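[1] Show me the folded form of this:
(one chain, ligands or ions: 3)
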Amino acid sequence: MRYTVKSGAIEKITTDCLVVGVWSKGVLSDEAKSIDAASGKTISKVIKAGDFTGNLGETTLLYGMDGVSARRILLLGAGDKKKLDALNVGKLVEAAAKAVSKLEASSVHFAVSSLQAKDRDGAWLASMLSRNVEDQCYRYSTTKSKKPKPASLRSVSISAIAGTGRKALEAGLKYGQEVGKAINTAKQLGNLPGNVCTPTFLANEAQRLATHHKSITTQILSEKQMSRLGMGSLLSVSAGSAQEAKLIVMQYKGAPNDSRPYALVGKGITFDTGGISIKPGLAMDEMKFDMCGAASVVAVMGGVASLKLPINVVGVVAAAENMPGSKATKPGDIVTSMSGKTIEILNTDAEGRLVLCDALTYVERFKPRSVIDIATLTGAAVATFGSFATAILSNNDKLSETLLECGEHALDRGWPLPMWDDYQSLLNSNFADIANIGGPKGGTITAACFLSRFTEKQKWAHLDIAGSAWNSGNSKGATGRPVSMLMEYLKRQKA
Ligand code: BES
Ligand code: MN
Ligand code: ZN
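    Residues are numbered from 1 along each chain as shown. Ligands and ions are numbered 1, 2, ... in the order given. Below you'll find the model as predicted:
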């Protein structure tokens, strides 16, 4: 997709589709007024007829207007002008991108400069437009014999925005485009079925990243190598599977070698049956999404490299398949993690933390400035936040606040949960240093407490994306979250 800024009278812009906003109760935006005047009141007529009211996210198409060069006009409901905050701009931009992605239009111009959020600048609006266009043009097709038609859009332009320079708008477009592409990478990996997207497949994808980007080097650790490192916890998860576990290590260099990196660690369970503590059958297919944390790490590494961010980043993915079998780990089994801590595995379905703890220990060797792990870790996070928020847990209040703020800015929201010491004792074991479950209460917090035992030396945050990483039901599919939050976090960092 090509993204540009076009200035000049919007009625004279040659495009397949021109998008203009209308406030609630049919009040025309400045751009809609220009088109209305040039076209002999065509928009006013539609509104008088009562066919369009301007509710937030409402869209309708008008064709063949005299006096207007565009082939179509998309009216976009902008809602109550006084209520136009970033969240509502996000909603209307998403609606517009969805509508234009379905058209037989190869070009679109967004004349929406007046739809500015009170609390954001023009570059932010530009980035939201390009990000949402990329996101909405994604079509899953890999495993369909009858391929869905790809979106027709090829070029997107936006009007200049008063108060924001052209360079800044272009930078906003570029940033949003790369975030959108990274979101789609994460969605694609998440959507692939478990028999395609195995740990080995993920490892190959990470290798491919390194061939695409000179700034990325990828290293894959085999089970044998992990065993030599003492990763008994991670390996206990793949013990029942015919698929070999992989530890995928991606290093991006955008700063001098001695600049300490930012670390991302992803849970990459390519299918979670629960193991011997097997899950019930209902909706178990959705456990193919149990590698969405890993997908977000791979996607963000690619996005960071495309944007050439001036920092170093290390991405580690703990990839394994959790299966029952004659060699599978059993409840009550005790394993030794790379840190030396022994773990009593009381429930083999609490496997995410078992692969993450060894990956978190491994990442210490890079002396990271911060470590963020991303994981579809607990059903309790779904119960707590539904699909709206990613749970944020951290041993560092500043880091937690920064992630909250980045999620807010990028409209990819997270919300904190406490990590009080009170919860730690729930992990006590009679036979090992620590148990892998903390009982039925406070599941998201006790899971994070488990991880905190392996990150004591690090500035660390944990993102539980069990609720936010995919949608169920008719629109079943990965969402690409929390790629936007992570990209925003890394964009704000310095070498
Ligand atoms: N991958 C699941 C978490 C999950 C469940 C995410 C449902 C989204 C929807 C994880 O491995 C798991 O099974 N967690 C258990 C932990 C429990 C055994 C302590 C859970 O949440 O039930
Ligand atoms: Mn599980
Ligand atoms: Zn899992």
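
[2] going forward, measure contacts and count neighbours with C-alpha atoms only.
    OK.

[3] Neighbours of the residue in the stretch 101-250 of the chain positioned nearest to ligand 1, how many?
    Among the residues of the stretch 101-250 of the chain, Val237 lies closest to ligand 1, at 10.6 Å counting by CA to the nearest ligand atom. When neighbours are counted by other CA atoms under 10 Å, Val237 registers 29.

[4] ok, it to Ile248 distance?
    Val237 is 16 Å from Ile248, where distance means CA to CA, to the nearest Å.

[5] what does Tyr175 give?
    According to CA to CA, Tyr175 and Ile248 sit 26 Å apart.

[6] coming back round to it: is it true that the residue of the stretch 101-250 of the chain closest to ligand 1 touches Val355?
    Yes - Val237 is in contact with Val355 according to CA atoms under 8 Å; the separation is 7.0 Å.

[7] Look up the closest residue to the residue of the stretch 101-250 of the chain closest to ligand 1, ignoring the ones flanking it.
    Asn322 (5.7 Å; CA to CA, 6 or more residues apart in numbering).

[8] So that neighbour versus ligand 1, what's the distance?
    From Asn322 across to ligand 1, the span is 9 Å (CA to the nearest ligand atom, to the nearest Å).

[9] Ok, Asn88 next?
    On the measure of CA to the nearest ligand atom, Asn88 and ligand 1 end up 28 Å apart.

[10] Count the residues that sit near that residue.
    18.

[11] State the helix or strand in which it lies.
    helix 86-101 (DSSP states H and E).

[12] and that helix, what other elements does it pack with?
    Using 3 or more CA pairs under 8 Å, 6 or more residues apart in numbering; DSSP states H and E, the elements in contact with helix 86-101 are strand 59-63, strand 72-79, helix 122-137.

[13] Assign the closest residue to ligand 2 within the stretch 251-400 of the chain to helix, strand or coil.
    Nearest residue of the stretch 251-400 of the chain to ligand 2: Asp349, at 3.6 Å (CA to the ion). Recorded secondary structure, Asp349: coil (DSSP: H, G, I helix; E, B strand; the rest coil).

[14] What sits closest to it if chain neighbours are left out?
    That would be Gly274: by CA to CA, 6+ apart, it lies 4.0 Å from Asp349.

[15] quick one: contacts for the one you found?
    Taking CA atoms under 8 Å, 6 or more residues apart in numbering, we find Gly274 in contact with 322-324, 348-351.

[16] Next, work out how far apart it and Gly79 are.
    46 Å.

[17] repeat for Asn88
    Distance from Asn88 to Gly79, by CA to CA: 8 Å.

[18] now do Ser394
    With CA to CA as the criterion, Ser394 and Gly79 are 37 Å apart.

[19] Could you do Gly57 as well?
    Applying CA to CA to Gly57 and Gly79 gives a distance of 8 Å.

[20] go on, Thr444?
    Relative to Gly79, and taking CA to CA, Thr444 is found at 37 Å.

[21] pLDDT wise, what is Ile434 at?
    On pLDDT, Ile434 comes in at 98.

[22] hey, what's it bridged with?
    Beta-bridge partners of Ile434, counted by DSSP bridges, are Ile343.

[23] any idea how far ligand 2 is from it?
    18 Å (CA to the ion, to the nearest Å).

[24] buried sites along the longest helix along the chain?
    Longest helix of the chain, by residue count under DSSP state H: helix 166-191. Judged by neighbour count using 16 or more other CA atoms under 10 Å, the buried positions of helix 166-191 are 166, 169-191.

[25] Stretch 307-317 now?
    Buried residues in stretch 307-317 (16+ other CA under 10 Å): 309-317.

[26] Spatially, which two of those residues are the most separated?
    Maximum pairwise distance among the buried residues of stretch 307-317 (CA to CA): 22.4 Å, between Pro310 and Val317.

[27] Looking only at neighbour counts, state which of Gly57 and Gly79 leads.
    The neighbour count for Gly57 versus Gly79, taken as other CA under 10 Å, is higher for Gly79 (24 against 20).

[28] Looks like that one contacts Gly26 (just checking).
    No - between Gly79 and Gly26 there is no contact under CA under 8 Å: 9.2 Å.

[29] joint contacts of those two?
    By CA under 8 Å, 6+ apart, the residues touching both Gly79 and Gly26 are Gly54.

[30] measure Ala97 to ligand 1 for me?
    Ala97 is 28 Å from ligand 1, by CA to the nearest ligand atom.

[31] how about that residue, what does it touch?
    Counting by CA under 8 Å, 6+ apart, Ala97 has contacts 129, 132-133, 136.

[32] The stretch 251-400 of the chain: helices as residue ranges?
    Taking DSSP state H, counting those that start in this stretch, the helices of the stretch 251-400 of the chain run over residues 292-306, 352-363, 379-385, 397-409.

[33] So which elements touch the last one?
    Yep, that's helix 397-409 we're talking about. Going by 3+ CA pairs under 8 Å, 6+ apart, helix 397-409 lies up against strand 390-394, strand 414-416, strand 460-464, helix 483-491.

[34] now the ones you listed in TSV, with mean neighbour count, mean pLDDT and distance to ligand 2?
    Shown next, in TSV, are the helices and strands packed on helix 397-409 (neighbours: other CA atoms under 10 Å; pLDDT from 0 to 100; distance: least, CA to the ion, whole Å):
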stretch	mean neighbour count	mean pLDDT	distance to ligand 2
strand 390-394	27	99	17
strand 414-416	21	99	22
strand 460-464	26	99	13
helix 483-491	22	99	22
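
[35] is it possible to export these to a markdown table including distance to Asn474?
    Output for these, formatted as a markdown table (distance: least, CA to CA, whole Å):
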| stretch | distance to Asn474 |
| --- | --- |
| strand 390-394 | 22 |
| strand 414-416 | 25 |
| strand 460-464 | 23 |
| helix 483-491 | 23 |
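
[36] would you list these in a markdown table and tack on distance to ligand 1?
    Output for these, formatted as a markdown table (distance: least, CA to the nearest ligand atom, whole Å):
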| stretch | distance to ligand 1 |
| --- | --- |
| strand 390-394 | 12 |
| strand 414-416 | 16 |
| strand 460-464 | 9 |
| helix 483-491 | 18 |
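
[37] Minimum distance to Leu103: which of these has it?
    helix 483-491 (26.0 Å).

[38] which residues touch Trp23?
    Counted by CA under 8 Å, 6+ apart, Trp23 has contacts 29, 53-55, 77-81.

[39] swap in Ser227?
    By CA under 8 Å, 6+ apart, the neighbours of Ser227 are Leu235.

[40] Give me whichever of the helices of the stretch 251-400 of the chain is most buried.
    helix 292-306 (a mean of 29; mean count of other CA atoms under 10 Å).

[41] by contact count, what packs against that helix?
    So helix 292-306, by 3+ CA pairs under 8 Å, 6+ apart, packs with helix 166-191, strand 246-253, strand 262-272, strand 312-322, strand 370-375, helix 483-491.

[42] what angle do the last one and helix 397-409 make?
    Counting by axes from the mean of the first three to the mean of the last three CA atoms, to 10 degrees, helix 483-491 lies at 130 degrees to helix 397-409.

[43] Spell out which residues of the stretch 351-495 of the chain are next to ligand 1.
    Taking CA under 6 Å from any ligand atom as the contact definition, the stretch 351-495 of the chain meets ligand 1 at 351-352, 376-380, 437, 466.

[44] As CSV, those residues with distance to His212 and pLDDT would be great.
    Putting those into CSV (distance: CA to CA, whole Å; pLDDT from 0 to 100) gives the following:
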residue, distance to His212, pLDDT
Glu351, 32, 99
Gly352, 30, 99
Thr376, 28, 99
Leu377, 31, 99
Thr378, 34, 99
Gly379, 36, 98
Ala380, 38, 98
Ile437, 40, 98
Ala466, 30, 99
